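Trainee: Compute the structure for the input listed below.
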Amino acid sequence: MAKRCSRGQFPSERPYSSIMTPKNAYGHLVPGDISAARWVDPKIARPNYVGKKRVPRYTGSDIYNKDEIERVRAAGSIASQTLDYLAEHIRAGITTDELDRLAHEFITSKGAYPSPLGYQGFPKSICTSINEVICHGIPDNTVLEDCDIVNVDVTAFFEGMHGDTNRTFIIGNAPEATKNLVKNTEEALHVAIKAVAPGRRVNVIGLTIERLAKRFNYGVVREFTGHGVGRAFHTGLVIPHYDATPYYDRILKPGMIFTIEPMLNLGTRHWNMWEDGWTAVTKDLLPSAQFEHTIVVTQNGAEILTLS
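Mentor: Here you go, the predicted structure:
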């Protein structure tokens, strides 16, 4: 029988057990062992930052023509299909490194490149963020357990374009508050997408997300944002998930492509960074959830480009 969380406890509050590694004596996550970067067939096209210490600065437009939009859609579809595939394997007992292997093999089998691999030195092909990890968790030998939640962030580079998406998955019998956090974070993403329309300002996105989050007293992470994506993994366009008025008042225009990826915390919005320089964890070690799509602004709204 699957083991259950202790009554009323969040995953980060569970008592320590020898199989709950890598975690400390309080059940909180700690860095695990990271395997070597995975091989990619030389025939698969690489993004321009692979093998470089610094990511070349993007100076192009955030507006795309019809052909380019379809290429982003193709990359986004591969990323979404990868999450569909991983959903069949995400369960208690699997390591995040194994999820990375499965994702890597799936993406490369499509002739695509896993965008995170080699981006500013990131060592793996996807991001896996468990429980109190807000984002950019590095896959390692951590074993997923009953009551955990895990966000899996996938970006595929295909035909010269990046498509970026993520989902948060619930493992087994998570506490009700955690399940509601996951459900409401996904709802925040879709409400924000519905708010997008040409002529509106970028800030309408964050305003919409923060309004929903306040209903549940969630912390809205501010320092990690949505971003322009397509020709580059991150184009420089910033999409806040909170009300940043009067800043970030750029007007949305048809053909603009970017991600919306709200990160909502059960407690405080504040966070700490691990020594690896990637893994951001909630300051109070309560759970965080995230969902993401790549979208394009249309003539009368927005269209999701990361669907299977």
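Trainee: Tell me the pLDDT of residue 28.
Mentor: Note for residue 28: predicted pLDDT of 85.
Trainee: so how many other residues sit close to it?
Mentor: 17 (other C-beta atoms under 10 Å). Just so you know, the C-beta spots here come from the backbone N, C-alpha and C atoms, and that holds for glycine as well.
Trainee: Spell out the residue ranges of the helices in the stretch 101-250 of the chain.
Mentor: Secondary structure of the stretch 101-250 of the chain (DSSP state H, counting those that start in this stretch): helices located at 176-195, 203-215.
Trainee: now the longest one against helix 203-215, angle please.
Mentor: Taking axes from the mean of the first three to the mean of the last three C-alpha atoms, to 10 degrees, one finds helix 176-195 and helix 203-215 inclined to each other by 160 degrees.
Trainee: pull the CA atoms of helix 176-195 into PDB?
Mentor: Extracted in PDB, the C-alpha atoms of helix 176-195 (Å, rounded to 0.1, in the frame of the first residue of the first chain):
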ATOM      1  CA  GLU A 176      -5.600  19.100   0.200                       C
ATOM      2  CA  ALA A 177      -4.000  22.500   0.500                       C
ATOM      3  CA  THR A 178      -1.200  21.400  -1.900                       C
ATOM      4  CA  LYS A 179      -3.700  19.900  -4.400                       C
ATOM      5  CA  ASN A 180      -5.600  23.100  -4.300                       C
ATOM      6  CA  LEU A 181      -2.400  25.100  -4.900                       C
ATOM      7  CA  VAL A 182      -1.700  23.100  -8.000                       C
ATOM      8  CA  LYS A 183      -5.300  23.400  -9.300                       C
ATOM      9  CA  ASN A 184      -5.400  27.100  -8.700                       C
ATOM     10  CA  THR A 185      -2.000  27.800 -10.300                       C
ATOM     11  CA  GLU A 186      -3.100  26.100 -13.500                       C
ATOM     12  CA  GLU A 187      -6.300  28.200 -13.400                       C
ATOM     13  CA  ALA A 188      -4.200  31.300 -12.900                       C
ATOM     14  CA  LEU A 189      -2.300  30.500 -16.100                       C
ATOM     15  CA  HIS A 190      -5.500  30.100 -18.200                       C
ATOM     16  CA  VAL A 191      -7.200  33.200 -16.800                       C
ATOM     17  CA  ALA A 192      -4.000  35.100 -17.700                       C
ATOM     18  CA  ILE A 193      -4.000  33.800 -21.200                       C
ATOM     19  CA  LYS A 194      -7.700  34.900 -21.600                       C
ATOM     20  CA  ALA A 195      -6.700  38.400 -20.500                       C
END
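Trainee: Show me what that helix packs onto, helices and strands only.
Mentor: strand 161-170, helix 203-215, strand 257-260, strand 263-265, strand 288-290, strand 293-297, strand 302-304 (3 or more C-beta pairs under 8 Å, 6 or more residues apart in numbering; DSSP states H and E).
Trainee: Save these as a markdown table, and put in mean neighbour count, mean pLDDT and distance to residue 76 too.
Mentor: Listed next are those as a markdown table, based on neighbours: other C-beta atoms under 10 Å; pLDDT from 0 to 100; distance: least, C-beta to C-beta, whole Å:
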| stretch | mean neighbour count | mean pLDDT | distance to residue 76 |
| --- | --- | --- | --- |
| strand 161-170 | 25 | 99 | 3 |
| helix 203-215 | 19 | 98 | 18 |
| strand 257-260 | 27 | 99 | 10 |
| strand 263-265 | 28 | 99 | 20 |
| strand 288-290 | 29 | 99 | 17 |
| strand 293-297 | 26 | 99 | 5 |
| strand 302-304 | 19 | 99 | 8 |
